[in-house]
Structures are given as structure tokens and as C-alpha cells.
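*Asks:* What shape does this take:
(2 chains)
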Amino acid sequence: MGSHRSGTLGWALTCAVIAAAGLASTAKAAPPAIVQMSEDGPVLATPGGMTLYTTAMDDPTPGKAHCNDVRAKTERTVEGYMPVPMAETRPTCAQKSPPFLAAAGAAADGPWKPIPRDGGGRQWAYEGHPLYTSIRDHRPGDVNGVGLGRGSYLWKPAFAPLGFPPGLKIVRRPEGLVLAGADSRPLYVRRGLQRVSDGPAPSLEPVRAAAVARAQGDWTVMDAGAGRRQYAFRGQPLYAVAAGAAEADLNGQWALAIYRPAVGRPADIGTRLSLIGEVYTTRDGMALYAFECQVNGATCGDPGDPAAHWSLLCGGPAECMERWRPYRASPGARPVGEWTIIDVAQPLFADATGPTYRPQDAPAKVRAWAYRGRPVFTFVDDELPGQLLGHLTGKGPSFVALVIAGTQPES
Amino acid sequence: MRESQRRSGIARNLIRILCIGAMATPLSLAAPAMSQPESPRPSGRTIGLVLTSWTHALYETPSKAECPAGLQAGEEEQMRARKDGDEQLRRFGSYDARGPNGEASRFLAWRVEDPIPFRELQTKVGYGLNLDGTPDGRATAKSCKHEKFTSPEGEAVDNQMARVLGCVAGWRSDGFNTGFIAVEFHNLATNRVLVEITGVDSETNDPDVGVNIYKGRDKLVASAPDKYVPFLIQRIDDRFPRYTHTAHGRIVDGVLITDPIPVADFPGIWVNVPVEHRMKDLRLRLKLTDTGASGFFAGYEDLKYWWNMHGKGAAAAVGKFSQAGVYRAAHRYADGFPDPATGQCTAISTSYKVEAVRAMIPHPVAKALQTRVAATGEGRY
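*Replies:* Numbering: from 1, shown residues only, chains lettered A, B, ... in the order given. Presented below is the predicted three-dimensional model:
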């Protein structure tokens, strides 16, 4: 999961955040977006709270949007340019990721700028990045438009500037959003009574504050002794793991500096160590997978998308249903955080050359768990808890295990 | 240097010294290495090894004389050989999507038929070990009838996997798959395999040694391409007891030979994908040197695990072969562990060439892991 921009830029943009959040009065027109908290951190969002995204497709050409209504007939793959299934009728990129449109009279304001779209109309860009929403998001704070596994590079939430001191940011860990240094290693606070005079653990060192640093919001500056100054967050002095030291060297007196605790997970969902990190599992420890698919920048694993992307991996309607089984929600189960309960068609499709069923049109369906808007499955060949025989990575369609952010091994 | 860093550095160095000291200590004085708890290990020294390469043991000639019909046809060639190839490609968008529902040959090979026949390996020469104990490949209780190879040393050996992959461009010594995986084996700690030989009284001849295999968690260090630095610390990854295996062995004329390990799972990353081998009746034959070892890991690859690994990670598009063809060949040539109900063999004899350098394997972790395995039964079958 990406980490937030921070540092000098973030510090300088604090005013922009406050304005965007609608927390300060201004003589100018109201910014087009608000700041919405999500499991990944504060994101820019529509006035209705729906997360805004940027795409790597636009990165080379600031101010120009490439996710549009064009239906490309081919896609570039490792095999060369290949035909795209259902090229004439499949949903377009803009149908999957609708642009965040600017009103007719909208004018540029600071980092916000309306940009023209191919085919007419205007779209908001933030710092040159065209902004989009995602049809996968249903509630304020959803960040379901981001790909999983290797597909995560293409779409990212438009993170709101944090207004943190230079060099500090947040990273996602199982415990929640955690303060971190520029190297993404987490920061720590002392458990229990906070006394600077206690000194840090041998492998920790105070997070130094510059001589000119001042208190702002949740951030204060403390006297660390010997003329040194140290940042504190919400009143707790912050410490970083020293260069060359390992987090494992810490004893139980230290806790992660939590920016926002994790919401948790339903009782139906477990976790297990695997070769690629901690993964979400069934109650019995069997790995859970989500289907991931992107073609020419558009997601292609949603109901109504071409079934050919599924049948490639899982076979015809009956075989697919046998090999990849939706993880059914227990009676009375309730959504928690990124976990929701949805209807999943069974079978997923009737004809591999047509679209997948939308649940409302399916002849049969089951109530199953979904992670970040995607139904999750178990794989028939997995025999042991934590085993990942179904896990794939790659540019094409794939089933990916649900790795818990911040648990990936170093190599 | 900061005081905190200095103290932390001292602590780490002290741990290293203690670990190296433990390696040099007779085993009777140090914590015992991974071994069968019920069979005390004889006294003696310990040899630690870390594998630096792991490749298929294939017999190849420069003229490819062993592949008289040529190398295997790739997925694209197979698709284009179909009368309806263009229409299939238009519908499903991939050369390997050749099943009736566009199933990919790499995932659902049993749904895909190749129009171009499999090109058979034609050689009597091969590398490997005699796994079934027969001189002629006759069927036994644990094997199906098969044709043996003769090793360059004149021994009858089993390596039916060579018949499956010997004429695949990507899997030959200069192929994409072989090269890519060699780089991953070096770079990714998930692929680290440690071998520990305990109770060694003589490195030339010793009739009774213990052998422990662990998943490691450290990187390899090379001073130049393929020049690995020996005698560095390699830690055991004790988070995964399932990848710990034990065997009895002997050293004959400087060659370590183990008894079969009934089931040995190995983790790995193959072409960016996490995979698992499950080898049955695995044996090691390693020529020991002052700084390392070389030889074979040989046994029967469980077909289900092997196919999962191969199908997900083998990259047929650039390795130039048909996954469906390889799948059918592997099942056709399977020669180990017949299904009692059908008689069809469920595993295939396979030999891997391995290279290793000596390494220091810290023992405190091994002791903790041994306790856990003994208590939970993890890693045993």
C-alpha cells in the first residue's frame, strides 16, 4: 500500500488541506473536494465523500486524462498486441473510473485546475493529476478502486497532504496507520507513563526537531535534553529505530506510534503467515483470494465484464465454480471495515464468450465475503493453512492472495 | 558513531561470535541440531551448506542431437496450427487460451489439446540417481514401468522429468526459464535452502551422519558472478517448520549420500510467483569440498504440486513451449507412487543439479525449531 506524501511539501500544503476539508473560511470559491478518512489514510474525496483517484496512465502527461471512453481492440502484453475479448461491448475505462467533472464555470485555484477532456467537458486535476472516482466504491471512505497485488501500481487514491513535519509520513501496518520516517520504518512511543528522561531503548533514537520547528495541530516539540529538540505526536515523544538496528530488538516497553488504529476484521476472517507475508484466511486458516484484472487501464473483474477473463484461469461455468469457491458469510455476520457481504452469482457466468452475471440477473447466488469490494474465494488445490497454490501475479487476469499491508517479507 | 548504534552493533557482533563458536564446537557440547529426537546423533563436527544453484539435470549436446524432431512448439505456434486459431484468439485474447471456454493451457492444461505433437527426447544418456533400485525400470510397489537413463558413469538412473523438459527451449541450460530462475535463486531469500550435516567424524568416509534441511532467510553473497563467499552466517527461517526435513546419511569417498526422505516440501519464487515443490523419497548425493559441495537433489516430484508450480511460474510465452504438452508428458512419463485405485503414477522422477558453499548455520534457532517440530508434529508426514 502506498504511503503518504509528506515532508516540506506536505508541511507547506497544510493550509490547502484545511481549506479542502472545509475547516477554514476563505474568500475564494470552495475547493471542489473534501478530505475523507479511509483505511489507507486521508484522501481527497468528492463533496459526497467518495474517494478520488489518480492513475499512472496520466503520470507522463500532467494535465491530460487518458482514461476515457475509447474502446481499444487490442492490448499490449508479453505476447505482443493481443485482441481484447468483447472489444465492442465491454465497459470503457471512463465507465469504470468516472472522471471527477468540473462545473462549467469552475476556475483554477491553487493546486486545483479544470482540464479539458477528449470528447468534451472538463475534469478536475490536482497538482496536474487528473482525478477519477471508482464504480467499486459505495460508501465514503471506500478505497476499492485500487488494484490488489501487482495490479496496485495503476490506480492510487489521491492522498490528501498530511501537514506533517518534514521527513515524516504514515504507512499502513496490521495495527493501523502508523507514523513513519522517510525510510518507511515505523516510529515508536513509550508504553505507559511518558518521560523523556527515561531515555530511549538502545536501538531507538529520538525523532529530532529542527531549531525553528513549532507546535502545530497534533504535533508538539519537546526538550530532549542537551539542547536537543524532539517531535511529539498527540503529546507522546516519538522515537525511530536507529540505523542498522532491527525492530525485533525492541522490548515490550515500546509501542507503534499509531496515527489511526485498524478497524479490525470480522470473526469469519483469520490471518496466517505465508511466504509472501501475513494473508487473510478463512476461519480454518485457508488462504482467501480475490480476482484481479485490468485491461488497458480499466478493471475487468466486475459483474458484467467479459467472462473470458475468468474462464482463462478457472474454466467453464461449472469447473470455475468447483475450483474457486466464494467464501460464504456466516449467518448473522456483519460487515467490518474493508470487509463487506455481497451477493455472488453462482455460476459466475453462463457463456465464456459473454459477460459475467450481474447478481440481480443471476439464476443463483450466494452471500459471500468481499474485501475492498471484491468477492473472495478459496482455491480447491490448497491443502494446508497458509498455502498459496492459487496465488498468481502478473499483468493479466489473476487470483491474488490478500496480503496484509506492512507484513511483506524483505525479499 | 552514536552510542545506541555502538551498543547495538556490539550486541550483534557478540551474537555472531557465539554462533560461530557454536558451529566449531563438538555437537555433544552445543545445542543439538535438527535431528530425530529419539535417535541421538553421534559426536563429531557439523558441516553447514547453503545452496547457490538449483537447476534441472538435463543431458544436452550442442547439436541438440537428443531432440531429433526439434524443440517443442510454443503456445503461439500451437494456436496458429488450429484451423479456428484466429477466431479463438479474437474471442479469448491469448495464445494459450486454447480450451473450449478459453481455458489457459498453463492453468487448465487438461482442457487443451495440442495440434502439434510433443517432440520426444531421444537419448539413452541422462543424469540422476537410481531411485527405484531396479536396473531396468520394471514396475515395483512404489514405481511404474519406465525406461531408465544411463549416467555418464554407467549407472542406471531415473529422471523422467528430463523426457518432459529436455526438448523445451526455455528449460535447457541457456533457456529463459533456467536463467530467470537462477537469478531469482540468488536474489530471493525465499529460495534459500540450507543443508546441515551433523556428527561428522571424517569428511572422507563416515558411515553415520545426520542431515538436516532447512529453509533459510538470508541473501547469498557473491564476489563475482557465480563466485559465492563461503562461511557466512545463514539463518534458519524458523517461521516455516514445514520446510524442515531430516535424514540419515553416510559419507563415502567424500560424497554425502542420504537415505530417502519420505516427503520434502520446498518453497520458492519462480518467475515472480511463490511456489512449492513436494518431493517424495528425496535423496541427496553431494560431493563435498573444502568450501562447498555439488551434486544432486533427486526424488519424485508430486505431480499436483509440480504442475501448480510449473503452470503458474514457468512463463511458456517466452520459454517457448506448450504448457498443455508439458502437462500431458509429465503424466505420461510419471513413474512414482502409483495410485492404488487406478495404477496411474502420481509423481515423476526428477533430478536437480545443485551447487553449495559452506555456511555457518546458527544453532539456537535450530534448537527452538526442533522443540517446536517435536511438540507439534509440524513438518512430519
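
*Asks:* Could you give the average pLDDT over stretch B:160-174?
*Replies:* For stretch B:160-174, the mean per-residue pLDDT is 96.

*Asks:* which residues touch residue A:274?
*Replies:* A:287, A:386, A:387, A:388, A:401, A:403, B:274 (Cβ atoms under 8 Å, 6 or more residues apart in numbering or on different chains). (C-beta placed from N, C-alpha, C; glycine too.)

*Asks:* Max pairwise distance over the residues you listed: which two?
*Replies:* A:387 and A:403 (14.3 Å; Cβ to Cβ).

*Asks:* ok, those two, which is more surrounded?
*Replies:* The residue with more neighbours, out of residue A:387 and residue A:403 and counting by other Cβ atoms under 10 Å in any protein chain shown, is residue A:387; that gives 24 against 19.

*Asks:* How about the more buried one: what's its closest non-neighbour residue?
*Replies:* residue A:287 (6.5 Å; Cβ to Cβ, 6 or more residues apart in numbering or on different chains).

*Asks:* And residue A:291, by the same measure?
*Replies:* residue A:301 (4.5 Å).

*Asks:* I figured the one you found hits residue A:293, correct?
*Replies:* Yes. With contact defined as Cβ atoms under 8 Å, residue A:301 counts as touching residue A:293 (4.0 Å).

*Asks:* how about the helices of the chain, start to end?
*Replies:* Here I'm looking at chain A. Ranges of helices in chain A, per DSSP state H, are A:7-12, A:14-20, A:93-96, A:308-314, A:317-323.

*Asks:* Switch to chain B, please.
*Replies:* So, for chain B - with DSSP H - the helices run B:3-24, B:75-80, B:85-92, B:161-165, B:176-187, B:303-313, B:316-319, B:323-333, B:363-376.

*Asks:* At the contact with chain A, which residues of the stretch 251-381 of chain B appear?
*Replies:* Residues of the stretch 251-381 of chain B lying close to chain A (Cβ under 8 Å from any Cβ of the partner chain) are B:267, B:269, B:272, B:273, B:274, B:276, B:304, B:305, B:308, B:312, B:317, B:318.

*Asks:* Kindly reformat these as JSON lines containing pLDDT and neighbour count.
*Replies:* Output for these, formatted as JSON lines (pLDDT from 0 to 100; neighbours: other Cβ atoms under 10 Å in any protein chain shown):
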{"residue": "B:267", "pLDDT": "94", "neighbour count": "20"}
{"residue": "B:269", "pLDDT": "88", "neighbour count": "21"}
{"residue": "B:272", "pLDDT": "81", "neighbour count": "15"}
{"residue": "B:273", "pLDDT": "86", "neighbour count": "22"}
{"residue": "B:274", "pLDDT": "89", "neighbour count": "23"}
{"residue": "B:276", "pLDDT": "92", "neighbour count": "21"}
{"residue": "B:304", "pLDDT": "96", "neighbour count": "14"}
{"residue": "B:305", "pLDDT": "96", "neighbour count": "21"}
{"residue": "B:308", "pLDDT": "93", "neighbour count": "24"}
{"residue": "B:312", "pLDDT": "84", "neighbour count": "24"}
{"residue": "B:317", "pLDDT": "71", "neighbour count": "21"}
{"residue": "B:318", "pLDDT": "76", "neighbour count": "16"}
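
*Asks:* could I get those as TSV with distance to residue A:297?
*Replies:* Converted to TSV, those look like this (distance: Cβ to Cβ, whole Å):
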residue	distance to residue A:297
B:267	34
B:269	28
B:272	21
B:273	24
B:274	27
B:276	34
B:304	36
B:305	36
B:308	30
B:312	25
B:317	22
B:318	24
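
*Asks:* Return the member of these nearest to residue B:333.
*Replies:* Distances from residue B:333 to those, taken by Cβ to Cβ, are shortest for residue B:304, at 15.7 Å.

*Asks:* Could you verify my assumption that the closest one touches residue A:380?
*Replies:* No. At 10.9 Å, residue B:304 and residue A:380 do not qualify as touching, with contact defined as Cβ under 8 Å.

*Asks:* And chain B, what are its domain boundaries?
*Replies:* Per automatic domain parsing, the domain ranges recorded for chain B read B:1-24+B:365-381, B:40-72+B:118-364, B:75-113.

*Asks:* in the stretch 51-200 of chain B, which spans are strands?
*Replies:* B:149-150, B:156-157, B:193-200 (DSSP state E, counting those that start in this stretch).

*Asks:* Chain A is nearest to which of the ones you listed?
*Replies:* Nearest to chain A among the strands of the stretch 51-200 of chain B is strand B:193-200; the distance by Cβ to the nearest Cβ comes to 13.8 Å.

*Asks:* pLDDT-wise, which helix or strand of chain A ranks last?
*Replies:* Within chain A, no helix or strand scores below helix A:7-12, which has a mean of 35 by mean pLDDT, DSSP states H and E.

*Asks:* Can you list the low-confidence ranges for chain A?
*Replies:* Residue ranges of chain A with pLDDT under 70: A:1-29, A:193-202, A:248-251, A:394-395, A:410-411.
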